Structures are given as structure tokens and as C-alpha cells.
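Visitor: Whatever this is, show me its structure:
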Amino acid sequence: MKRCPDCRRDYTDGTLSFCLDDGTPLLDGPATMDEPATAILSVPGAIATGFPTGELPTRAQIHTTDQTAIFHTGAEAEPQEILGGLSEKQSFSANRAAEPQGKVSSRQLQLAVLGITVLVFAGGFFGYRYFAPAGTEQIKSIAVLPFQNKGGDVDTDYLSDGIAESLIYRLSQLPNLKVSPTSSVIRYKGRESDVAQIAKELEVDAVMSGRLVQRGENLMVSVELVDARTKKLIWGEQYDRKMSDLLATQRDIAATIAQKLQLKLAGTDTKGITKKYTDNSEAYQLYLKARFHFARRTRDDMFKSIELFNQAIKLDPNFALAYVGVAENYSTIPSYPYASPQECVPQAKAAVARALELDPDLPEAHTVAGMIAATHDWDYPKAERDFKRSLELD
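Guide: So this is what the prediction gives:
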């Protein structure tokens, strides 16, 4: 016989341990109500406590820790490993009750961190893809247009053309930058053309234009560099200098352009844009005038060009670029023809040899030397006959 101490219900089934009504542990029912009753706990090893007749015992409840099961009555039970009497469902419920609420597992934390990382990278990629400014690609080609002479004096055209040509020479020495030659851009002189159209015709990424005003010894140069792909101004600046600072101004402009184009320069790559070809300002102005006449290609202009180059050499005997100018004139004259190859080629060779002696690394000198080498294999008798025939036709 078993009895529930709470509801006083009797059970004849000796296999039951808990009351079917309220779950209270059953007591062995005595023959009479005065006999002491023994509490039957489902946990082996726990101490059974007798309750006097009529006393309602407190239901045994368990708080589970890592080592010990503690009864609310204050009695200490055996370690958790030996609590074999609890059913699997009761053990799971006790452990769940003992866990702190709201605790995040390490697995959940890892998944959360991974998700945030993916979102950050995805946001950065699509943000750059759709919101980055257009036209951020590196500029790999450029055209330098003839500068406009805004001073109103035709005699100073040599300055506007000469500065542009000098910049072309300097920029052409930069690595990984394609520069349109003077022969390609000279047709735009004096024309108000659309930058995008010019860039399309010359197949370049950027176009540089400039304006020049000379007032006595004062020189004002304005320069603009435009990205033809976006039609946006990359850089613009105005230089107010003296004529004696002309060469330094050109070096400054070329160096600034290289910086704005974000070209990676190192070692000798920078020498071409910062090189100081002469310390004599007057000699350099004569050099620019000689280049101006050479570009016109008439007979009088080409011989005038040679004369001006020689004047520059007299002022500065170490001016290698002036020797290159003499050599270029003499190597070009027979092709028109204004003089015979036998007259011109030896003088061209002598001039370029002197230029290379003064400056072995001068790119312009090597270019002209290559032109002269090509003429060295000419059939001079045939060239002489062609020259005389052209004179007869005139």
C-alpha cells in the first residue's frame, strides 16, 4: 500500500513512485495512520525522511550544478554522475533550468561574425562599383596642343609653339606614357576645337592646352589639362615669370603634369622632365626661334633655323640640343630637296656627333642619329641626279 502525503490518495500498485494527481512522491502506506511513513524518492542514494502523521512534507526539488545536486530541504545528494534514478526527460529539464538564460553559443557567435564580414565586403564592392567617380583610370596617353599666343605680337609665335614642342619632348621621355608628336598636333594651331573630338582623332586619354602672353620681359603662361573621357579638368595653373625663367617654367609644367597623371617615376626616368639643357636664357630663346622656323619647312625658314641654332651654340658651346637642331635640319633638307645629300649629310653627322659627345643620353640626339644612319646607304649619284632634275623642273 502507498499513499500520497498531499492528497491522501492510496495506491495498491507497488510499482508507482509518484502521485498520479499532483506528482508528489508516494509514501509506503502504514497499516494505521499512526505508523511512521517512509518517503520513497526516485533518486537512489538520497536519504529518506519520515514525516509525522498529518504533516504535509515539502516536495523535494533539485538544483543541478556541475558537481552536486542540492535539495531545497538542505540535504546534500550524491554527485550528478550517480543520479541514475532521474529519467532522461527529468535530467534534461533540470539542466535547462540551470543554464543562464540568453547565453549565445560560440557557434552562433561565429556565424554572426561571418555574416557581418560578408555584408561589409559586399557593401564595399557594390558601393565602389556603383558610387565611385567615373574616369578614375590611369591616363596613358596625352596630346599637347600648340599654345595660343594671346599677346597679339606675331613675332612671339615662336614662344607659344616652342613651349608646347618642348613639353612634348620632355613628356615623351616618361615611361608608359604615349605622347602625340608635334607633326600630329600642329594642325590644331589657331583652331577652337572640341577636346573630346581632338582626343578621338589623336586616340589619347587627355589633352593639354595653353595660352601665352608676353609683355616685355614678363611672361604669363596658363595651362590646362583635361581628361577627354570625362571632359573634366584634371589640373590648371597660371605661371607669371620672367623671360629669363622660361626654361625653368617648362620644367615645372612638365613635372607637375607627371605628378597629376600619377606616373610612377624612379631614377633616370625623371631626368628627362627636369633636365636643364642650358643656363643661358638668350641661347634658349634662340633655340625656340630656330625650332619655330624649322617647323615651317620652307627653304628660307630651314636655313634661317640653322643660322639661329648656330647663334645659340655661340652663346653656349655646350648646348647639346642646339647641335641636334643643326643635324636635324641638314638631314631633312635633301628630302625636299633644298640642297644635295652630299652637301648636307656630312654636316648633319658632325653636328649629331658633337651633341652625343656633350650628352650621350640625349634622346633627341639618338633619334636624329638614326635618321642620318638611314640616309648613309643612299645611292648618292642617283640622289644627285634627282636633285638636279628637280631644279630643272622648277
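
Visitor: Can you check what pLDDT the model gives residue 125?
Guide: In this prediction, residue 125 carries a pLDDT score of 48.

Visitor: And the one 3 residues further on, by the same measure?
Guide: At residue 128 the predicted local confidence, pLDDT, stands at 40.

Visitor: Buried ones in the host helix or strand of residue 250, by neighbour count?
Guide: Using DSSP states H and E, residue 250 maps to helix 246-260. Neighbour-count burial for helix 246-260 flags 246-247, 249-254, 256-258 (criterion: 16 or more other Cβ atoms under 10 Å). Quick note: C-beta positions are derived from backbone N, CA and C, even for glycine.

Visitor: what's the most distant pair in those?
Guide: Using Cβ to Cβ, the pair of those lying farthest apart is 246 and 258, separated by 19.3 Å.

Visitor: re earlier: which other helices and strands contact the helix holding residue 250?
Guide: helix 157-171, strand 218-227, strand 232-242, helix 271-274, helix 281-296 (3 or more Cβ pairs under 8 Å, 6 or more residues apart in numbering; DSSP states H and E).

Visitor: Confidence-wise, which of the ones you listed is weakest overall?
Guide: helix 271-274 (a mean of 68).

Visitor: Looking at the buried residues of helix 246-260, spot the one nearest residue 7.
Guide: Minimum distance to residue 7 across the buried residues of helix 246-260 is 98.8 Å, recorded for residue 258 (Cβ to Cβ).

Visitor: if I look at the closest one, how far off is residue 181?
Guide: According to Cβ to Cβ, to the nearest Å, residue 258 and residue 181 sit 19 Å apart.

Visitor: what does residue 242 give?
Guide: Note on residue 242: its distance to residue 181, by Cβ to Cβ, is 30 Å.

Visitor: residues near the nearest residue to residue 286 once chain neighbours are set aside, how many?
Guide: Nearest residue to residue 286, sequence neighbours excluded (Cβ to Cβ, 6 or more residues apart in numbering): residue 312, at 4.0 Å. Residue 312: 26 surrounding residues under other Cβ atoms under 10 Å.

Visitor: ok, and residue 312, which helix or strand is that part of?
Guide: Counting by DSSP H and E, residue 312 is found in helix 299-315.

Visitor: what pLDDT, on average, does that helix get?
Guide: pLDDT averaged over helix 299-315 gives 96.

Visitor: got the angle between it and helix 281-296?
Guide: Between helix 299-315 and helix 281-296, the angle comes out at 160 degrees (axes from the mean of the first three to the mean of the last three Cα atoms, to 10 degrees).

Visitor: Is it correct that residue 319 is in contact with residue 286?
Guide: No - using Cβ atoms under 8 Å, residue 319 makes no contact with residue 286, being 9.3 Å away.

Visitor: any shared contact partners between those two?
Guide: Common neighbours of residue 319 and residue 286, using Cβ atoms under 8 Å, 6 or more residues apart in numbering, are residue 312.

Visitor: returning to that earlier point: run through who's touching the helix holding residue 250.
Guide: 142, 159, 163, 166-167, 170-171, 174, 208, 219, 221, 223, 225, 234-235, 237, 239, 241, 265, 270, 273-278, 281, 284-285, 288.
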